[in-house]
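**Q** My questions are about this predicted structure, shown below with the sequence.
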Amino acid sequence: MTTLMLAGIVPPGTPWPDGAPPHERLEAEPGLALALPVPEDADWTGEATTIALAEAQHGLLCRYAAAGDVLPVALGAVFSGRAALAAHLSSEAEQIAGQARLLSGRVEYMLTIDIVAETGSGPAASGGRDHLRRRRAARDRRKDRGAARKRFVDGIARRLSDQALGLRVRPGRGAGRLATIDLLLPRGGLDAISLAVEAILDDAQDLGLCLTLTGPCPAFSFLERPADG
């Protein structure tokens, strides 16, 4: 018996996508369940298994999201086999159908805002006093630029909120990531967002920032609280 992890739900009749990782499909009342086989030797106490399954789930659902509706499922919904998975789907059919209706025709895009590493340190200081002066000036510039970057993120979030069905701003993780903006868009609504992002690229460059828009992805960020309407 193969252990399966439920990755997501797609509407009945959804075609098999090209390039998707190996997976199984199970017909159920709310739609077609997409399940990934879990290796028999999976070590659930380590991060390697979780990372591998998360990457496989994301890759699988992005393939489906490129062509049609996908309802993602939180990572870790593991079942002992197809019978156990079918029983779960039957018991949760009403809730699954409700979430699928709310996210129908909607996809998620991510706008990442990264800090570009500065290069070059300028001419050497002429002495100790000059060195201290330069340190103070550099500290003040970093403070001013940090405040300006925060205003930039707040401003682009307000601008994009007019174009998106839902929006979430997440603080960056790591030294290079300033923020990530998750966007819930109607399928086919990318053009307006792309134009808005292109309009601020020069401002971003002036602040030493790099903007990257990726998607479509399954709407994980809006699974529990999708936008109204």
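**A** Everything's here; your move. The model shown is predicted, which means the values in this text are computed figures rather than measured ones. Numbering: from 1, shown residues only.

**Q** What segments of this protein are helices?
**A** With DSSP state H as the criterion, the chain has helices at 47-65, 82-91, 93-102, 128-161, 190-198, 201-206.

**Q** Let me see the domain layout of this protein.
**A** Domain assignment of the chain by automatic domain parsing yields the ranges 4-102, 106-222.

**Q** rank the ones you listed by pLDDT, which is bottom?
**A** Of all the domains of the chain, the minimum mean pLDDT falls on domain 106-222 (a mean of 82).

**Q** end-to-end on that domain?
**A** Distance across domain 106-222, first residue to last, is 10 Å (C-alpha to C-alpha, to the nearest Å).

**Q** Might one say that residue 90 is in contact with residue 29?
**A** Yes: taking C-beta atoms under 8 Å as the definition, residue 90 is a contact partner of residue 29 at 6.4 Å. All C-beta atoms are positioned from the backbone trio N, CA, C, and that covers glycine.

**Q** Need the residues touching each of the two.
**A** Here residue 90 and residue 29 share no contacting residue, scored by C-beta atoms under 8 Å, 6 or more residues apart in numbering.

**Q** Excluding chain neighbours, what is closest to residue 111?
**A** residue 181 (4.3 Å; C-beta to C-beta, 6 or more residues apart in numbering).

**Q** so that neighbour touches residue 168, yeah?
**A** Yes: at 7.3 Å, residue 181 counts as touching residue 168 under the criterion of C-beta under 8 Å.

**Q** These two: which has the busier surroundings?
**A** Using other C-beta atoms under 10 Å, the more surrounded residue of residue 181 and residue 168 is residue 181, with 24 against 16.

**Q** bridging residues for the more buried one?
**A** Beta-bridge pairing for residue 181 (DSSP bridges): residue 111, residue 169.

**Q** For it, give me its contacts.
**A** Contacts for residue 181 were tallied using C-beta under 8 Å, 6+ apart; they are 110-111, 113, 153, 156-157, 160, 167-170.

**Q** Dump those into JSON lines; add distance to residue 221 as well.
**A** Output for the contacts of residue 181, formatted as JSON lines (distance: C-beta to C-beta, whole Å):
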{"residue": "110", "distance to residue 221": "8"}
{"residue": "111", "distance to residue 221": "12"}
{"residue": "113", "distance to residue 221": "16"}
{"residue": "153", "distance to residue 221": "17"}
{"residue": "156", "distance to residue 221": "17"}
{"residue": "157", "distance to residue 221": "14"}
{"residue": "160", "distance to residue 221": "14"}
{"residue": "167", "distance to residue 221": "9"}
{"residue": "168", "distance to residue 221": "5"}
{"residue": "169", "distance to residue 221": "11"}
{"residue": "170", "distance to residue 221": "8"}
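
**Q** Now a ChimeraX select for only the buried ones of these.
**A** To isolate the buried members of those in ChimeraX, using 16 or more other C-beta atoms under 10 Å:
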select :110,111,113,153,156,157,160,167,168,169
